[in-house]
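Engineer: Sharing a model prediction with you, sequence too.
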Amino acid sequence: MTNEHIHSAFDTDLDGVQAEIMKMGGLVENAIRLGMKALETRDEDLAQQVRAADAEIDHLEETINERAARIIALRAPTAIDLRLILSVIKISSNLERIGDYAKNMAKRTVVLSNIAPISDSVGTLRRMTRAVEVMLKDALDAYIHRDAALAADVIARDVDVDQMYNALFRELLTFMMEDPRNITACLHLHFISKNTERMGDHVTSIAEQVIYLATGMKPDEARPKADKTSTARGF
Amino acid sequence: MKDTNVIEGIQTMTQQKISAKNVQVRYGDVVAIKDVSVDIAANTVTAFIGPSGCGKSTFLRCLNRMNDTIDICRVTGDIHIDDEDIYDRNVDPVQLRAKVGMVFQKPNPFPKSIFDNVAYGPKIHGLARNQSDMADIVENALRKAALWNEVKDRLDSPGTGLSGGQQQRLCIARAIATAPEILLMDEPCSALDPIATAQIEELIDDLRQNYCVVIVTHSMQQAARISQKTAFFHLGSLVEYGDTGQIFTAPSDPRTESYITGRIG
(Lines give C-alpha, C1' and ligand atoms only; values in the text may rest on other atoms or scores of the structure.)
Protein backbone atom coordinates (compact mmCIF):
# COMPACT_ATOMS: atom_id res chain seq x y z
CA MET A 1 0.00 0.00 0.00
CA THR A 2 1.29 3.45 -0.82
CA ASN A 3 0.93 6.00 1.92
CA GLU A 4 -0.22 8.88 -0.20
CA HIS A 5 -3.87 9.75 -0.61
CA ILE A 6 -5.11 10.78 -4.03
CA HIS A 7 -6.27 13.97 -2.26
CA SER A 8 -2.94 15.31 -1.08
CA ALA A 9 -4.68 17.85 1.17
CA PHE A 10 -5.96 14.89 3.23
CA ASP A 11 -2.35 13.85 3.86
CA THR A 12 -1.50 17.40 4.87
CA ASP A 13 -4.38 17.37 7.38
CA LEU A 14 -3.38 14.01 8.86
CA ASP A 15 0.31 14.93 9.04
CA GLY A 16 -0.65 18.20 10.71
CA VAL A 17 -2.67 16.61 13.48
CA GLN A 18 0.05 14.00 14.11
CA ALA A 19 2.67 16.73 14.32
CA GLU A 20 0.54 18.38 17.04
CA ILE A 21 0.45 15.07 18.95
CA MET A 22 4.24 14.79 18.79
CA LYS A 23 4.60 18.40 19.92
CA MET A 24 2.22 17.76 22.81
CA GLY A 25 4.14 14.58 23.69
CA GLY A 26 7.40 16.54 23.78
CA LEU A 27 5.92 19.12 26.12
CA VAL A 28 4.58 16.41 28.43
CA GLU A 29 7.96 14.62 28.52
CA ASN A 30 9.53 17.94 29.49
CA ALA A 31 6.94 18.54 32.19
CA ILE A 32 7.71 15.15 33.78
CA ARG A 33 11.49 15.64 33.61
CA LEU A 34 11.53 19.24 34.81
CA GLY A 35 8.86 18.54 37.43
CA MET A 36 11.05 15.79 38.88
CA LYS A 37 14.14 17.97 38.70
CA ALA A 38 12.34 20.73 40.58
CA LEU A 39 11.28 18.25 43.26
CA GLU A 40 14.75 16.82 43.61
CA THR A 41 16.57 20.16 43.71
CA ARG A 42 13.79 21.85 45.74
CA ASP A 43 13.64 24.50 43.02
CA GLU A 44 10.45 26.52 43.47
CA ASP A 45 11.01 28.68 40.38
CA LEU A 46 11.34 25.64 38.13
CA ALA A 47 8.20 24.15 39.72
CA GLN A 48 6.31 27.37 38.91
CA GLN A 49 7.51 27.14 35.31
CA VAL A 50 6.21 23.58 35.02
CA ARG A 51 2.84 24.67 36.40
CA ALA A 52 2.63 27.54 33.92
CA ALA A 53 3.66 25.35 30.97
CA ASP A 54 0.63 23.10 31.45
CA ALA A 55 -1.60 25.75 29.84
CA GLU A 56 0.02 25.12 26.48
CA ILE A 57 -0.54 21.35 26.81
CA ASP A 58 -4.22 21.95 27.55
CA HIS A 59 -4.47 24.31 24.63
CA LEU A 60 -2.89 21.75 22.28
CA GLU A 61 -5.47 19.16 23.30
CA GLU A 62 -8.21 21.60 22.26
CA THR A 63 -6.50 22.28 18.93
CA ILE A 64 -6.05 18.58 18.22
CA ASN A 65 -9.68 17.80 18.98
CA GLU A 66 -10.87 20.63 16.74
CA ARG A 67 -8.64 19.44 13.91
CA ALA A 68 -9.82 15.86 14.36
CA ALA A 69 -13.48 16.94 14.29
CA ARG A 70 -12.81 18.91 11.13
CA ILE A 71 -11.17 15.92 9.42
CA ILE A 72 -14.10 13.68 10.39
CA ALA A 73 -16.59 16.22 9.03
CA LEU A 74 -14.79 17.03 5.80
CA ARG A 75 -12.94 13.84 4.88
CA ALA A 76 -15.11 11.01 6.25
CA PRO A 77 -12.02 8.94 7.13
CA THR A 78 -12.20 5.14 6.95
CA ALA A 79 -10.00 2.20 7.98
CA ILE A 80 -6.45 3.27 8.95
CA ASP A 81 -7.38 6.95 8.59
CA LEU A 82 -10.37 6.50 10.89
CA ARG A 83 -8.26 4.61 13.44
CA LEU A 84 -5.67 7.36 13.23
CA ILE A 85 -8.23 10.06 14.03
CA LEU A 86 -9.71 8.02 16.88
CA SER A 87 -6.23 7.41 18.30
CA VAL A 88 -5.33 11.09 18.00
CA ILE A 89 -8.37 12.07 20.07
CA LYS A 90 -7.65 9.48 22.77
CA ILE A 91 -3.91 10.01 22.90
CA SER A 92 -4.30 13.77 23.25
CA SER A 93 -6.61 13.20 26.19
CA ASN A 94 -4.11 10.77 27.80
CA LEU A 95 -1.30 13.27 27.30
CA GLU A 96 -3.38 16.03 28.82
CA ARG A 97 -3.97 13.91 31.94
CA ILE A 98 -0.26 13.10 32.24
CA GLY A 99 0.43 16.84 31.94
CA ASP A 100 -1.99 17.49 34.80
CA TYR A 101 -0.20 14.98 37.02
CA ALA A 102 3.15 16.65 36.26
CA LYS A 103 1.59 19.99 37.12
CA ASN A 104 0.28 18.55 40.37
CA MET A 105 3.77 17.27 41.19
CA ALA A 106 5.09 20.81 40.69
CA LYS A 107 2.37 22.19 42.94
CA ARG A 108 3.30 19.79 45.75
CA THR A 109 6.98 20.59 45.17
CA VAL A 110 6.32 24.16 46.29
CA VAL A 111 5.01 22.82 49.60
CA LEU A 112 7.71 20.16 49.96
CA SER A 113 10.51 22.70 49.40
CA ASN A 114 9.50 24.44 52.58
CA ILE A 115 9.54 21.41 54.91
CA ALA A 116 12.27 19.04 56.00
CA PRO A 117 13.29 16.52 53.29
CA ILE A 118 12.62 12.79 53.74
CA SER A 119 15.91 10.85 53.42
CA ASP A 120 16.18 9.10 50.05
CA SER A 121 12.53 8.56 49.01
CA VAL A 122 13.05 11.08 46.25
CA GLY A 123 15.59 8.67 44.70
CA THR A 124 12.97 5.94 44.20
CA LEU A 125 10.56 8.55 42.87
CA ARG A 126 13.20 9.73 40.41
CA ARG A 127 13.65 6.19 39.07
CA MET A 128 9.89 5.86 38.76
CA THR A 129 9.34 9.12 36.86
CA ARG A 130 12.33 8.31 34.70
CA ALA A 131 10.78 4.92 33.81
CA VAL A 132 7.48 6.61 32.91
CA GLU A 133 9.26 9.24 30.86
CA VAL A 134 11.09 6.58 28.83
CA MET A 135 7.87 4.61 28.42
CA LEU A 136 6.17 7.75 27.10
CA LYS A 137 9.02 8.45 24.71
CA ASP A 138 8.87 4.87 23.40
CA ALA A 139 5.07 4.94 23.12
CA LEU A 140 5.29 8.09 20.99
CA ASP A 141 8.08 6.57 18.88
CA ALA A 142 5.93 3.47 18.42
CA TYR A 143 3.06 5.76 17.45
CA ILE A 144 4.91 7.63 14.76
CA HIS A 145 6.45 4.42 13.36
CA ARG A 146 3.26 2.33 13.76
CA ASP A 147 5.39 -0.12 15.76
CA ALA A 148 3.01 -2.52 17.55
CA ALA A 149 5.92 -4.57 19.00
CA LEU A 150 7.45 -1.56 20.73
CA ALA A 151 3.99 -0.56 21.98
CA ALA A 152 3.53 -4.05 23.46
CA ASP A 153 6.90 -3.69 25.17
CA VAL A 154 5.80 -0.38 26.71
CA ILE A 155 2.64 -2.05 28.03
CA ALA A 156 4.71 -4.84 29.60
CA ARG A 157 6.96 -2.30 31.34
CA ASP A 158 4.08 -0.73 33.28
CA VAL A 159 4.46 -3.57 35.78
CA ASP A 160 7.85 -2.16 36.83
CA VAL A 161 6.27 1.21 37.55
CA ASP A 162 3.55 -0.46 39.60
CA GLN A 163 6.17 -2.37 41.59
CA MET A 164 8.22 0.76 42.24
CA TYR A 165 5.05 2.41 43.51
CA ASN A 166 4.39 -0.54 45.88
CA ALA A 167 7.92 -0.32 47.22
CA LEU A 168 7.66 3.43 47.71
CA PHE A 169 4.28 3.08 49.39
CA ARG A 170 5.73 0.72 52.01
CA GLU A 171 8.78 2.94 52.45
CA LEU A 172 6.66 6.04 53.07
CA LEU A 173 4.46 4.10 55.47
CA THR A 174 7.54 3.16 57.49
CA PHE A 175 8.69 6.79 57.67
CA MET A 176 5.29 7.91 58.85
CA MET A 177 5.22 5.24 61.60
CA GLU A 178 8.71 6.19 62.71
CA ASP A 179 7.95 9.85 63.19
CA PRO A 180 4.55 11.53 62.85
CA ARG A 181 6.32 14.78 61.89
CA ASN A 182 7.09 13.09 58.57
CA ILE A 183 3.41 12.63 57.75
CA THR A 184 2.87 15.86 55.76
CA ALA A 185 5.88 15.34 53.52
CA CYS A 186 5.20 11.61 53.16
CA LEU A 187 1.58 12.19 52.15
CA HIS A 188 2.65 14.66 49.48
CA LEU A 189 5.30 12.24 48.25
CA HIS A 190 2.73 9.48 48.26
CA PHE A 191 0.32 11.51 46.12
CA ILE A 192 3.14 12.26 43.72
CA SER A 193 4.09 8.61 43.46
CA LYS A 194 0.47 7.55 43.01
CA ASN A 195 0.11 10.16 40.28
CA THR A 196 3.26 8.86 38.62
CA GLU A 197 1.80 5.37 38.73
CA ARG A 198 -1.32 6.80 37.04
CA MET A 199 0.90 8.42 34.40
CA GLY A 200 2.17 4.92 33.63
CA ASP A 201 -1.43 3.79 33.12
CA HIS A 202 -2.05 6.64 30.67
CA VAL A 203 1.13 5.78 28.78
CA THR A 204 -0.12 2.18 28.65
CA SER A 205 -3.38 3.43 27.20
CA ILE A 206 -1.44 5.36 24.54
CA ALA A 207 0.50 2.19 23.69
CA GLU A 208 -2.82 0.30 23.40
CA GLN A 209 -4.01 2.94 20.93
CA VAL A 210 -0.83 2.40 18.92
CA ILE A 211 -1.56 -1.33 18.69
CA TYR A 212 -5.12 -0.62 17.58
CA LEU A 213 -3.89 1.91 15.05
CA ALA A 214 -1.21 -0.36 13.63
CA THR A 215 -3.12 -3.65 13.58
CA GLY A 216 -6.83 -2.80 13.77
CA MET A 217 -7.07 -5.07 16.80
CA LYS A 218 -7.23 -4.43 20.53
CA PRO A 219 -4.29 -5.79 22.52
CA ASP A 220 -5.58 -9.29 23.26
CA GLU A 221 -4.08 -10.01 26.64
CA ALA A 222 -5.31 -8.19 29.68
CA ARG A 223 -2.31 -6.15 30.69
CA PRO A 224 -0.35 -7.20 33.78
CA LYS A 225 -1.17 -5.26 36.94
CA ALA A 226 1.01 -5.01 40.02
CA ASP A 227 -0.39 -2.13 42.07
CA LYS A 228 -1.59 -4.20 45.03
CA THR A 229 -1.87 -1.44 47.62
CA SER A 230 -5.55 -0.87 46.99
CA THR A 231 -6.47 -4.46 47.79
CA ALA A 232 -6.70 -5.52 51.46
CA ARG A 233 -3.91 -8.08 51.51
CA GLY A 234 -1.65 -6.15 49.21
CA PHE A 235 1.11 -5.43 51.75
CA MET B 1 -37.47 -26.25 -11.58
CA LYS B 2 -34.94 -28.48 -9.96
CA ASP B 3 -34.97 -29.41 -6.33
CA THR B 4 -31.69 -30.08 -4.60
CA ASN B 5 -31.14 -30.59 -0.93
CA VAL B 6 -27.98 -28.99 0.25
CA ILE B 7 -26.73 -29.08 3.80
CA GLU B 8 -27.30 -25.75 5.51
CA GLY B 9 -24.36 -23.38 5.35
CA ILE B 10 -22.14 -22.77 8.33
CA GLN B 11 -23.61 -19.29 8.77
CA THR B 12 -26.63 -20.30 10.78
CA MET B 13 -27.64 -16.77 11.82
CA THR B 14 -28.97 -15.68 8.44
CA GLN B 15 -30.09 -17.90 5.66
CA GLN B 16 -27.90 -17.84 2.56
CA LYS B 17 -29.84 -16.75 -0.49
CA ILE B 18 -27.20 -16.76 -3.19
CA SER B 19 -24.20 -19.03 -3.26
CA ALA B 20 -21.58 -18.53 -5.96
CA LYS B 21 -18.63 -20.91 -6.32
CA ASN B 22 -15.57 -20.49 -8.53
CA VAL B 23 -17.34 -18.15 -10.91
CA GLN B 24 -15.26 -17.12 -13.90
CA VAL B 25 -16.46 -14.77 -16.64
CA ARG B 26 -14.75 -14.17 -19.99
CA TYR B 27 -15.56 -11.71 -22.71
CA GLY B 28 -13.92 -13.54 -25.61
CA ASP B 29 -10.32 -13.97 -24.48
CA VAL B 30 -10.52 -11.35 -21.77
CA VAL B 31 -11.06 -12.71 -18.28
CA ALA B 32 -13.37 -10.29 -16.45
CA ILE B 33 -13.96 -12.35 -13.30
CA LYS B 34 -11.41 -14.78 -11.89
CA ASP B 35 -12.66 -17.50 -9.63
CA VAL B 36 -15.06 -15.63 -7.36
CA SER B 37 -16.83 -17.49 -4.56
CA VAL B 38 -19.27 -15.72 -2.31
CA ASP B 39 -22.34 -16.44 -0.19
CA ILE B 40 -24.95 -13.71 -0.01
CA ALA B 41 -27.47 -13.72 2.84
CA ALA B 42 -31.23 -13.19 2.63
CA ASN B 43 -32.72 -9.99 4.11
CA THR B 44 -29.36 -8.32 3.86
CA VAL B 45 -28.01 -5.45 1.80
CA THR B 46 -24.73 -6.54 0.25
CA ALA B 47 -22.61 -3.87 -1.41
CA PHE B 48 -20.07 -4.54 -4.15
CA ILE B 49 -17.36 -1.90 -4.27
CA GLY B 50 -14.20 -1.55 -6.32
CA PRO B 51 -12.58 0.62 -8.98
CA SER B 52 -14.03 0.87 -12.49
CA GLY B 53 -13.50 -2.27 -14.54
CA CYS B 54 -12.93 -4.49 -11.49
CA GLY B 55 -15.78 -6.81 -12.50
CA LYS B 56 -18.36 -5.91 -9.86
CA SER B 57 -21.10 -5.08 -12.40
CA THR B 58 -20.20 -8.14 -14.47
CA PHE B 59 -20.55 -10.31 -11.40
CA LEU B 60 -23.87 -8.67 -10.46
CA ARG B 61 -25.16 -9.37 -13.97
CA CYS B 62 -24.28 -13.05 -13.58
CA LEU B 63 -26.80 -13.30 -10.76
CA ASN B 64 -29.82 -12.93 -13.07
CA ARG B 65 -28.09 -14.14 -16.23
CA MET B 66 -28.07 -10.70 -17.84
CA ASN B 67 -24.71 -11.67 -19.36
CA ASP B 68 -26.55 -14.24 -21.51
CA THR B 69 -27.52 -11.32 -23.74
CA ILE B 70 -23.86 -10.71 -24.61
CA ASP B 71 -22.73 -13.20 -27.26
CA ILE B 72 -19.03 -13.35 -26.45
CA CYS B 73 -19.63 -13.63 -22.71
CA ARG B 74 -18.94 -17.03 -21.09
CA VAL B 75 -19.79 -17.76 -17.48
CA THR B 76 -18.34 -20.83 -15.74
CA GLY B 77 -18.65 -22.02 -12.16
CA ASP B 78 -21.74 -22.50 -9.98
CA ILE B 79 -24.31 -19.95 -8.96
CA HIS B 80 -27.09 -21.27 -6.78
CA ILE B 81 -30.11 -19.30 -5.64
CA ASP B 82 -31.99 -21.14 -2.90
CA ASP B 83 -30.05 -24.31 -3.74
CA GLU B 84 -31.07 -24.12 -7.37
CA ASP B 85 -28.40 -23.89 -10.07
CA ILE B 86 -29.45 -20.85 -12.11
CA TYR B 87 -27.23 -21.86 -15.03
CA ASP B 88 -28.96 -25.23 -15.27
CA ARG B 89 -30.34 -25.73 -18.78
CA ASN B 90 -33.86 -26.27 -17.36
CA VAL B 91 -33.94 -22.80 -15.87
CA ASP B 92 -35.84 -20.23 -17.91
CA PRO B 93 -33.93 -16.93 -17.73
CA VAL B 94 -37.18 -14.98 -18.03
CA GLN B 95 -38.60 -16.73 -14.96
CA LEU B 96 -35.29 -16.24 -13.20
CA ARG B 97 -35.39 -12.49 -13.85
CA ALA B 98 -38.91 -12.30 -12.40
CA LYS B 99 -37.38 -13.72 -9.21
CA VAL B 100 -34.23 -11.61 -9.44
CA GLY B 101 -35.20 -8.01 -10.24
CA MET B 102 -32.76 -5.40 -11.42
CA VAL B 103 -32.47 -1.62 -11.22
CA PHE B 104 -29.94 0.22 -13.36
CA GLN B 105 -27.75 3.28 -13.09
CA LYS B 106 -29.92 5.58 -15.16
CA PRO B 107 -33.65 5.59 -14.50
CA ASN B 108 -35.15 3.98 -17.60
CA PRO B 109 -38.95 4.08 -17.38
CA PHE B 110 -40.85 2.81 -20.41
CA PRO B 111 -42.44 5.57 -22.53
CA LYS B 112 -45.78 4.62 -21.01
CA SER B 113 -47.97 5.80 -18.17
CA ILE B 114 -46.81 5.42 -14.57
CA PHE B 115 -49.42 2.69 -14.09
CA ASP B 116 -48.36 0.74 -17.18
CA ASN B 117 -44.69 0.96 -16.21
CA VAL B 118 -45.39 -0.92 -12.99
CA ALA B 119 -48.07 -3.18 -14.51
CA TYR B 120 -45.81 -4.37 -17.34
CA GLY B 121 -43.96 -7.11 -15.45
CA PRO B 122 -47.00 -8.58 -13.65
CA LYS B 123 -48.83 -8.55 -17.01
CA ILE B 124 -46.24 -10.56 -18.95
CA HIS B 125 -45.83 -12.98 -16.06
CA GLY B 126 -49.62 -13.31 -15.71
CA LEU B 127 -49.60 -12.35 -12.02
CA ALA B 128 -52.97 -10.53 -12.04
CA ARG B 129 -56.33 -12.22 -12.68
CA ASN B 130 -58.28 -9.03 -13.36
CA GLN B 131 -58.14 -5.24 -13.44
CA SER B 132 -58.67 -4.72 -9.73
CA ASP B 133 -56.01 -7.33 -8.97
CA MET B 134 -53.60 -5.40 -11.16
CA ALA B 135 -54.55 -2.09 -9.51
CA ASP B 136 -53.69 -3.65 -6.14
CA ILE B 137 -50.34 -4.93 -7.37
CA VAL B 138 -49.43 -1.52 -8.82
CA GLU B 139 -50.49 0.37 -5.70
CA ASN B 140 -48.61 -2.05 -3.50
CA ALA B 141 -45.42 -1.78 -5.54
CA LEU B 142 -45.61 2.02 -5.64
CA ARG B 143 -46.17 2.12 -1.88
CA LYS B 144 -43.18 -0.13 -1.24
CA ALA B 145 -41.11 2.11 -3.50
CA ALA B 146 -42.22 5.14 -1.41
CA LEU B 147 -43.71 6.77 -4.51
CA TRP B 148 -47.46 6.20 -4.11
CA ASN B 149 -48.30 9.45 -2.36
CA GLU B 150 -46.49 11.48 -5.00
CA VAL B 151 -48.12 9.85 -8.03
CA LYS B 152 -51.48 8.43 -6.93
CA ASP B 153 -53.38 11.30 -8.61
CA ARG B 154 -51.61 11.04 -11.94
CA LEU B 155 -51.13 7.34 -12.64
CA ASP B 156 -52.03 7.98 -16.29
CA SER B 157 -49.34 10.58 -16.93
CA PRO B 158 -46.14 9.39 -18.60
CA GLY B 159 -43.45 7.88 -16.36
CA THR B 160 -40.83 9.88 -18.22
CA GLY B 161 -42.40 13.10 -16.92
CA LEU B 162 -41.32 12.41 -13.33
CA SER B 163 -38.17 13.83 -11.73
CA GLY B 164 -34.97 11.75 -11.83
CA GLY B 165 -35.39 10.53 -8.25
CA GLN B 166 -39.07 9.70 -8.83
CA GLN B 167 -38.19 7.89 -12.07
CA GLN B 168 -35.66 5.77 -10.22
CA ARG B 169 -38.21 4.92 -7.54
CA LEU B 170 -40.64 4.09 -10.37
CA CYS B 171 -38.04 1.67 -11.74
CA ILE B 172 -37.70 0.14 -8.27
CA ALA B 173 -41.52 -0.18 -8.11
CA ARG B 174 -41.42 -1.85 -11.53
CA ALA B 175 -38.72 -4.24 -10.33
CA ILE B 176 -40.60 -5.23 -7.17
CA ALA B 177 -44.03 -5.52 -8.89
CA THR B 178 -43.22 -9.07 -10.01
CA ALA B 179 -42.61 -10.01 -6.36
CA PRO B 180 -38.92 -10.86 -6.77
CA GLU B 181 -36.88 -12.35 -3.95
CA ILE B 182 -33.66 -10.64 -4.89
CA LEU B 183 -33.08 -7.07 -6.07
CA LEU B 184 -29.92 -6.27 -7.97
CA MET B 185 -29.01 -2.60 -8.18
CA ASP B 186 -26.27 -1.30 -10.40
CA GLU B 187 -25.33 2.15 -9.10
CA PRO B 188 -28.97 3.15 -8.58
CA CYS B 189 -28.15 6.60 -7.20
CA SER B 190 -25.32 7.79 -9.39
CA ALA B 191 -27.63 9.97 -11.51
CA LEU B 192 -29.52 11.43 -8.55
CA ASP B 193 -29.15 14.47 -6.30
CA PRO B 194 -28.35 13.98 -2.57
CA ILE B 195 -31.99 14.24 -1.42
CA ALA B 196 -33.24 11.73 -3.99
CA THR B 197 -30.23 9.55 -3.09
CA ALA B 198 -31.16 9.68 0.59
CA GLN B 199 -34.75 8.67 -0.26
CA ILE B 200 -33.56 5.71 -2.34
CA GLU B 201 -31.14 4.69 0.42
CA GLU B 202 -33.93 4.83 3.00
CA LEU B 203 -36.04 2.76 0.64
CA ILE B 204 -33.27 0.17 0.19
CA ASP B 205 -33.08 -0.19 3.95
CA ASP B 206 -36.86 -0.80 4.10
CA LEU B 207 -36.71 -3.27 1.20
CA ARG B 208 -34.27 -5.36 3.20
CA GLN B 209 -37.21 -6.64 5.30
CA ASN B 210 -38.57 -8.53 2.29
CA TYR B 211 -35.73 -8.89 -0.19
CA CYS B 212 -32.12 -9.81 -0.54
CA VAL B 213 -30.56 -6.65 -1.98
CA VAL B 214 -27.26 -6.61 -3.84
CA ILE B 215 -25.99 -3.18 -4.82
CA VAL B 216 -23.03 -2.06 -6.89
CA THR B 217 -21.90 1.40 -5.89
CA HIS B 218 -19.02 3.74 -6.55
CA SER B 219 -19.82 5.69 -3.43
CA MET B 220 -18.06 4.05 -0.53
CA GLN B 221 -20.00 6.22 1.87
CA GLN B 222 -23.19 4.84 0.37
CA ALA B 223 -21.94 1.27 0.83
CA ALA B 224 -21.05 2.14 4.43
CA ARG B 225 -24.44 3.74 5.07
CA ILE B 226 -26.78 1.11 3.69
CA SER B 227 -25.10 -2.29 3.54
CA GLN B 228 -24.52 -4.94 6.19
CA LYS B 229 -21.99 -6.83 4.07
CA THR B 230 -19.41 -5.40 1.73
CA ALA B 231 -17.43 -7.15 -0.99
CA PHE B 232 -14.37 -5.46 -2.47
CA PHE B 233 -13.49 -6.44 -6.04
CA HIS B 234 -10.18 -5.63 -7.68
CA LEU B 235 -8.92 -6.70 -11.12
CA GLY B 236 -11.61 -9.35 -11.46
CA SER B 237 -11.00 -10.94 -8.06
CA LEU B 238 -12.98 -10.78 -4.87
CA VAL B 239 -10.33 -9.37 -2.54
CA GLU B 240 -12.27 -9.12 0.68
CA TYR B 241 -15.80 -9.87 1.81
CA GLY B 242 -17.05 -9.18 5.29
CA ASP B 243 -19.20 -7.14 7.65
CA THR B 244 -19.43 -3.56 6.45
CA GLY B 245 -18.44 -2.24 9.87
CA GLN B 246 -15.24 -4.27 9.83
CA ILE B 247 -14.38 -3.42 6.20
CA PHE B 248 -14.60 0.30 6.92
CA THR B 249 -12.80 0.32 10.28
CA ALA B 250 -10.21 -2.45 10.00
CA PRO B 251 -10.06 -4.16 6.62
CA SER B 252 -7.74 -7.15 6.56
CA ASP B 253 -6.38 -6.82 3.03
CA PRO B 254 -4.00 -3.92 2.23
CA ARG B 255 -5.64 -3.49 -1.20
CA THR B 256 -9.03 -2.92 0.45
CA GLU B 257 -7.39 -0.45 2.80
CA SER B 258 -5.79 1.47 -0.07
CA TYR B 259 -9.02 1.65 -2.01
CA ILE B 260 -11.42 2.69 0.73
CA THR B 261 -9.08 5.26 2.22
CA GLY B 262 -8.56 6.87 -1.19
CA ARG B 263 -4.92 5.92 -1.66
CA ILE B 264 -3.42 4.80 -4.91
CA GLY B 265 -3.58 1.02 -4.84
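Structural biologist: Now that the structure is in, tell me what you want to look at.

Engineer: ok, for residue B:58, nearest residue in space, not its chain neighbours?
Structural biologist: Setting aside the residues directly before and after it, residue B:58 is nearest to residue B:32 in space (CB to CB, 6 or more residues apart in numbering or on different chains), at 4.7 Å. The C-beta positions use only the backbone N, C-alpha and C, and glycine is treated the same way.

Engineer: give the contact list for that neighbour.
Structural biologist: Contact analysis of residue B:32 by CB atoms under 8 Å, 6 or more residues apart in numbering or on different chains lists B:25, B:26, B:55, B:58, B:236.

Engineer: so residue B:77 is in which element?
Structural biologist: Of the helices and strands defined by DSSP states H and E, residue B:77 is found in strand B:73-81.

Engineer: just how off-centre is the helix or strand just after that strand within its chain?
Structural biologist: Under the assignment DSSP H and E, the closest C-terminal helix or strand after strand B:73-81 is strand B:84-85. When distances are taken as CA atoms, centre = their mean, to the nearest Å, strand B:84-85 is centred 18 Å away from the chain's centroid.

Engineer: Against which helices or strands is strand B:84-85 packed?
Structural biologist: When contacts are defined as 3 or more CB pairs under 8 Å, 6 or more residues apart in numbering or on different chains; DSSP states H and E, strand B:84-85 packs onto no helix or strand at all.

Engineer: In the sheet, which strands lie alongside it, parallel or antiparallel?
Structural biologist: Take DSSP bridges as the rule and strand B:84-85 pairs in its sheet with strand B:73-81 (antiparallel).

Engineer: And for the nearest residue to residue A:121 once chain neighbours are set aside, the neighbour number?
Structural biologist: Nearest-residue entry for residue A:121: residue A:189, 5.6 Å, with adjacent residues in sequence omitted and distances by CB to CB, 6+ apart. For residue A:189, the number of neighbouring residues by other CB atoms under 10 Å in any protein chain shown comes to 24.

Engineer: Check residue B:242 too.
Structural biologist: By the criterion of other CB under 10 Å, residue B:242 has 16 neighbours.

Engineer: pLDDT wise, what is it at?
Structural biologist: In this prediction, residue B:242 carries a pLDDT score of 95.

Engineer: Over to the one 10 residues further on?
Structural biologist: At residue B:252, the pLDDT value in this model is 92.

Engineer: what do you get for residue B:70?
Structural biologist: Looking at residue B:70 specifically, the model assigns a pLDDT of 89.

Engineer: about what we covered before: secondary structure element holding the residue nearest to residue B:58?
Structural biologist: Assigning secondary structure by DSSP H and E places residue B:32 in strand B:30-41.

Engineer: After that strand, which helix or strand is next?
Structural biologist: Once the chain leaves strand B:30-41, the following helix or strand, as judged by DSSP H and E, is strand B:45-49.

Engineer: Average pLDDT for the helix or strand just after that next one, rounded please.
Structural biologist: Scanning forward in sequence from strand B:45-49, with DSSP H and E defining helices and strands, the next element found is helix B:56-62. Helix B:56-62 shows a mean pLDDT of 94 in the predicted model.

Engineer: hmm, back to that, what residues are up against the residue nearest to residue A:121?
Structural biologist: Contacts for residue A:189 were tallied using CB under 8 Å, 6+ apart; they are A:112, A:118, A:121, A:122, A:125, A:168, A:172.

Engineer: Please, which helix or strand holds it?
Structural biologist: Using DSSP H and E, residue A:189 maps to helix A:183-215.

Engineer: re the thing from before, gap between the residue nearest to residue B:58 and residue B:105?
Structural biologist: Here the distance between residue B:32 and residue B:105 works out to 18 Å (CB to CB, to the nearest Å).

Engineer: and if you look at residue A:61?
Structural biologist: For residue A:61, the distance to residue B:105 (CB to CB) stands at 46 Å.

Engineer: So those two - more neighbours on which side?
Structural biologist: residue A:61 (21 against 16).

Engineer: Sticking with the more buried one, tell me its helix or strand.
Structural biologist: Assigning secondary structure by DSSP H and E places residue A:61 in helix A:44-75.

Engineer: what about that helix and chain B, any contact?
Structural biologist: No: using CB under 8 Å from any CB of the partner chain, no contact is recorded between helix A:44-75 and chain B, whose separation bottoms out at 8.6 Å.

Engineer: so what does the helix or strand hosting residue B:172 touch, helix or strand wise?
Structural biologist: Applying DSSP H and E as the criterion places residue B:172 in helix B:164-176. Packing contacts for helix B:164-176, counted by 3+ CB pairs under 8 Å, 6+ apart, involve strand B:100-103, helix B:114-124, helix B:131-144, helix B:148-151, strand B:182-186, helix B:194-207.

Engineer: how about the ones you listed in a markdown table, adding mean neighbour count and mean pLDDT?
Structural biologist: Shown next, in a markdown table, are these (neighbours: other CB atoms under 10 Å in any protein chain shown; pLDDT from 0 to 100):
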| stretch | mean neighbour count | mean pLDDT |
| --- | --- | --- |
| strand B:100-103 | 24 | 93 |
| helix B:114-124 | 21 | 94 |
| helix B:131-144 | 17 | 93 |
| helix B:148-151 | 16 | 94 |
| strand B:182-186 | 23 | 95 |
| helix B:194-207 | 17 | 89 |
